[in-house]
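> Mind looking at a prediction? Sequence and model below.
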There are 2 protein chains.
Amino acid sequence: MIAHAQPELTKNQALVFGSLSDAGGPLTAYAILDLLRENGFRAPLQVYRALDKLVEYGMVHRLESLNAFVACSHKGCAEHGTAAFAICEICGDVSEFTPDEVIKLLKEWTQAEGFTLARTTIELRGTCRDCISQPN
Amino acid sequence: MIAHAQPELTKNQALVFGSLSDAGGPLTAYAILDLLRENGFRAPLQVYRALDKLVEYGMVHRLESLNAFVACSHKGCAEHGTAAFAICEICGDVSEFTPDEVIKLLKEWTQAEGFTLARTTIELRGTCRDCISQPN
DNA sequence: GGAAGTGGTGTTATATTATTACATACTTTC
DNA sequence: GAAAGTATGTAATAATATAACACCACTTCC
């Protein structure tokens, strides 16, 4: 369990986090940029810099296999362990979960190997229950 | 356990696979392109098309968090389960392993959720034993 | 034999994702 | 108020990936 500070966000960070929260799903950096143009955003770097901080604070996760970002699904983004993601390739829905037992096993492997773990990416691609049951 | 066919590779596929095998580590598509210019490669698509097939055959893995590709570490690329990767951020070394117990737990989660799993990405970022012990 | 299908290739152009470099401004601390 | 640290704005460019189209080799099937 890692406790993340809940710092005051700057204006840009708050705008980016707001976009992701409102979206309720993953957005690419450029999609966020387009959403925020009316708020004065003009360049990708404004988005990327905010995202860097939000990821550092644990409030946003990066989905490596999508090159996209998603707001952490924990309310208030309270402390929690390493997250995993199930990504539906039909509807784009992303489910975040916290597979503590999996993380424990992976940590055991790293300790046996002498590997110092900094960051863990677990992403499952497939089809969610809804999209399987209604194949249209 | 999934048995991958070991098809005859086309010329381009063999060249790309050879580059990755020789490299003994991850390469980006554009790094491969540069290595193969002397073999007549001229465009990224020649690399990406070969990589697509090699990944499909299970002979090459894509490292999502690096946007890079690595030859499968199993000799002859025999049948094996889902792979995971530990990536050293100092020396760039990549260790492939097969965490069967982890995969089993993740599969249990997907079955409970009704999620149909197509592809699993597990990537650990950190520092390998060698780079921790000799901090230069 | 020829038509149609399939898969690989070559090439140009373009789309998408991310960073470098530099200038400016604001805040905190001493 | 000078110094240090952090946030911002902007332009340019780098790095990664795909679309579109033409051509060729091979098969298969009538």
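Noted; the coordinates are in hand.
> would you say A:H61 is within a strand?
Yes. With DSSP: H, G, I helix; E, B strand; the rest coil as the criterion, A:H61 is located in a strand.
> how close does it get to DNA strand C?
13 Å (C-beta to the nearest atom of the strand, to the nearest Å). C-beta: built from backbone N, CA, C; applies to glycine.
> what sits against that residue?
A:V55, A:F69, A:V70, A:C72, A:A83, A:F85, A:E96 (C-beta atoms under 8 Å, 6 or more residues apart in numbering or on different chains).
> Keep only those of these that are in strands.
Those of those mapping onto strands are A:F69, A:V70, A:F85, A:E96, per DSSP state E.
> Counting neighbours, which of these comes out on top?
Ranked by neighbour count (other C-beta atoms under 10 Å in any protein chain shown), the ones in strands among the contacts of A:H61 have A:F69 at the top, with 25 neighbours.
> Relative to A:N67, how far out is the residue lying closest to A:L9 once chain neighbours are set aside?
Nearest in space to A:L9, with sequence neighbours left out and distances taken as C-beta to C-beta, 6 or more residues apart in numbering or on different chains, is A:F17 at 6.3 Å. A:F17 is 19 Å from A:N67, where distance means C-beta to C-beta, to the nearest Å.
> Which of the two has more residues huddled nearby?
Per other C-beta under 10 Å, whichever of A:F17 and A:N67 has more neighbours is A:F17, with 23 against 13.
> where's that one relative to DNA strand D, distance?
Distance from A:F17 to DNA strand D, by C-beta to the nearest atom of the strand: 12 Å.
> now the contacts of A:H61 as TSV including distance to A:Q134 and pLDDT?
As requested, the contacts of A:H61 are exported to TSV (distance: C-beta to C-beta, whole Å; pLDDT from 0 to 100):
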residue	distance to A:Q134	pLDDT
A:V55	34	95
A:F69	28	98
A:V70	24	98
A:C72	29	94
A:A83	28	96
A:F85	22	98
A:E96	23	97
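> domains of chain A?
Annotated domains of chain A cover A:8-75, A:81-136 [automatic domain parsing].
> Tabulate these (a markdown table), appending distance to B:L27.
Below are these laid out as a markdown table (distance: least, C-beta to C-beta, whole Å):
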| stretch | distance to B:L27 |
| --- | --- |
| domain A:8-75 | 18 |
| domain A:81-136 | 20 |
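> Enumerate the residues of chain A near DNA strand D.
Contacts of chain A with DNA strand D, taken as C-beta under 7 Å from any atom of the strand, map to A:10-13, A:40-46, A:49-50, A:53.
> In helices, which of those residues appear?
Among the residues of chain A next to DNA strand D, the members found in helices (DSSP state H) are A:K11, A:N12, A:Q13, A:P44, A:L45, A:Q46, A:R49, A:A50, A:K53.
> List buried residues within the residues you listed.
By neighbour count, with 16 or more other C-beta atoms under 10 Å in any protein chain shown, these hold A:N12, A:Q13, A:Q46, A:A50, A:K53 as buried.
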